[in-house]
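below are the sequence and a predicted model for it; my questions follow.
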Amino acid sequence: MIALLVWGTLVGLDLVSVPQMMIARPLVAGPVAGAMLGDIETGLKLGVVFELLQYDILPVGAVRYPEYGPATVGAVATAHAAAGVLGLGLGTLVGLITGMVGGVTIHLLRRVNGRRVQAAAATLEAGDPRVLARVHLAAILRDGLRAALVTAFGLGLAWAARPLLGGILTVRGVTLLAVAAVGAALAAGAAGTLRLVGRGPNLAWFAAGLVGGVLVAGVLR
Amino acid sequence: MTPRPPPLARTLLRLFAVQGSYNYERMLGLGVGVAEEPLLRDLPADGPESPYRAAVARGAHFFNAHPYLAGLAVGAAARAEHDGAPPEQVERLRATLCGPLGSLGDRLVWAGWLPLLSGLALAAIALGAGWAAVAAFFVVYNAGHVALRWWALRAGWTHGARVASALHHPLLQRGVAILGPAMACAVGAALPLTAQYLAAPFEMWARGALAAVAALGFIALRWVPDRLTGLRLGLGLVAGALVVGWLWP
């Protein structure tokens, strides 16, 4: 659990603060969390689900978005505790809630950072490099604390989700939950990609890729 | 005596944390100032109103661009300070670079390199590559990422106030032209493959339901893109599934 907390914190820091090497991508965060639990397959599955959801986000300017990195860590922890299709559905539920909370905390952190910058404005305008470094470093530490809290929240939800929800769902209900989770991820992935692709010449390339993917999937069936 | 080489490596390291103090007041400004500071240490630093302190203060003013290309502005502004450019010109240079660096970085990285490699990795995982796909994504992505950061910083330092010419580098223009179609094709191929991969444990009825949910969800996201996000759709669908699953024997 400690290892997952540390990993989730690093993942949360990577998203915006440092070093933006994409360990915050669910595709990476999920399998590593899975490996920590000795369950890589679950990590890969949840990583793929949240990577598709991530396509819905284009992090340009000061846009507000959910944070799916620590969320994927929480989702994998949930899915590991509740095997199979139940894990997929419950894991996604926990991950979505954690991602939403993570997004809110990022917005709050930016406002707090703004206030700290305003408070130090006079010394920053005097060009004191030590004050500049101190304000910057304090903001990174705050983001680390924020990421740790979001990951802890996700892991807490993971711990509570299975006994609370696992018992009340029927077998069909469990499958339905997984269908809803995967369906939402596929819809978000497709819609987000089309937004990136636009209506220009890239649309034909998207269609060609789609046809190719369908053919390969058909051959492998 | 030969002049000391600029500490570009130290600046590059600091650039990895350029968004560390991101805020709505100065955006990346403080991070840019922190990254630029080592390049300004050769400026006269005597007294509270020295050129060094004035340049450090300017470096931390408002700045917003793609984080991977911020080094171009850092290098260019630092070089302009060394070349004795007037303060207004340095401020104007920084302000002028915000838009183009943001736009180019978004097209090159967020809408090109990243989704291209992510799409390829998703397809590879769906085809059974497992860990290897994740490792390849991480290594190849960051090879491009670090190379872009390094190129941007060096180009900024080399060109100084005339850095706009670096943005017309043929490799960048060709990169944008190639990455768009490649990304579209890769993610297009990945979608049906990941759908098959994720649906593998489902029974037949559940696969039918999945197709319907994904199609309706897609239509809803396209129909009301301003109000409905992937997160809201996901939360709504799983909440609905929980209620139905609880009531359905």
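Perfect, I can see it now. Residues are numbered from 1 along each chain as shown, chains lettered A, B, ... in the order given.

from here on, just use CA atoms for contacts and neighbour counts.
Noted.

in contact with B:Leu193, which residues?
A:Gly213, A:Val214, A:Val216, A:Ala217, B:Ala123, B:Ala126, B:Leu127 (Cα atoms under 8 Å, 6 or more residues apart in numbering or on different chains).

neighbours of the first one, how many?
This means A:Gly213. When neighbours are defined as other Cα atoms under 10 Å in any protein chain shown, A:Gly213 has 23 of them.

once you drop chain neighbours, what's closest to it?
Spatial nearest neighbour of A:Gly213, chain neighbours left out: B:Ala189 (4.0 Å); criterion: Cα to Cα, 6 or more residues apart in numbering or on different chains.

tell me which element that neighbour is part of?
Taking DSSP states H and E as the definition, B:Ala189 sits inside helix B:170-199.

and that helix, what's buried?
B:172, B:176, B:179-199 (16 or more other Cα atoms under 10 Å in any protein chain shown).

report pLDDT for B:Arg41.
The model reports B:Arg41 with a pLDDT of 94.

pretty sure it is in contact with B:Tyr52, am I right?
Yes. Under the criterion of Cα atoms under 8 Å, B:Arg41 makes contact with B:Tyr52 at 6.8 Å.

higher neighbour count, these two?
With neighbours defined as other Cα under 10 Å, B:Arg41 and B:Tyr52 compare such that B:Tyr52 has more, 24 against 17.

got a list of what the more buried one touches?
Applying Cα under 8 Å, 6+ apart, one finds that B:Tyr52 lies in contact with A:Gly127, B:Leu40, B:Arg41, B:Asp42, B:Leu43, B:Pro44, B:Ala45.

would you format the residues you listed as JSON lines with secondary structure and distance to B:Leu210 included?
Putting these into JSON lines (DSSP: H, G, I helix; E, B strand; the rest coil; distance: Cα to Cα, whole Å) gives the following:
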{"residue": "A:Gly127", "secondary structure": "coil", "distance to B:Leu210": "58"}
{"residue": "B:Leu40", "secondary structure": "helix", "distance to B:Leu210": "58"}
{"residue": "B:Arg41", "secondary structure": "coil", "distance to B:Leu210": "60"}
{"residue": "B:Asp42", "secondary structure": "coil", "distance to B:Leu210": "63"}
{"residue": "B:Leu43", "secondary structure": "coil", "distance to B:Leu210": "64"}
{"residue": "B:Pro44", "secondary structure": "coil", "distance to B:Leu210": "67"}
{"residue": "B:Ala45", "secondary structure": "coil", "distance to B:Leu210": "66"}
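
show me just the buried residues among the residues you listed.
A residue is treated as buried here by neighbour count (16+ other Cα under 10 Å); on that basis the buried members of these are A:Gly127, B:Leu40, B:Arg41, B:Leu43.

what number of residues lie near B:Glu25?
Other residues near B:Glu25 number 17, with proximity taken as other Cα under 10 Å.

let me fix that, I meant to ask about A:Arg64.
The number of residues near A:Arg64, taken as other Cα under 10 Å, comes to 14.

most proximal residue of chain B with respect to chain A?
B:Gly245 (3.4 Å; Cα to the nearest Cα).

other SSEs contacting the host helix or strand of that residue?
In the assignment (DSSP H and E), B:Gly245 maps to helix B:230-247. In terms of contacts (3 or more Cα pairs under 8 Å, 6 or more residues apart in numbering or on different chains; DSSP states H and E), helix B:230-247 is packed against helix A:84-119, helix A:171-197, helix B:204-223.

average model confidence for the one helix or strand B:Arg53 maps to?
Element membership for B:Arg53, per DSSP H and E: helix B:51-59. Model confidence over helix B:51-59, given as mean pLDDT, is 95.
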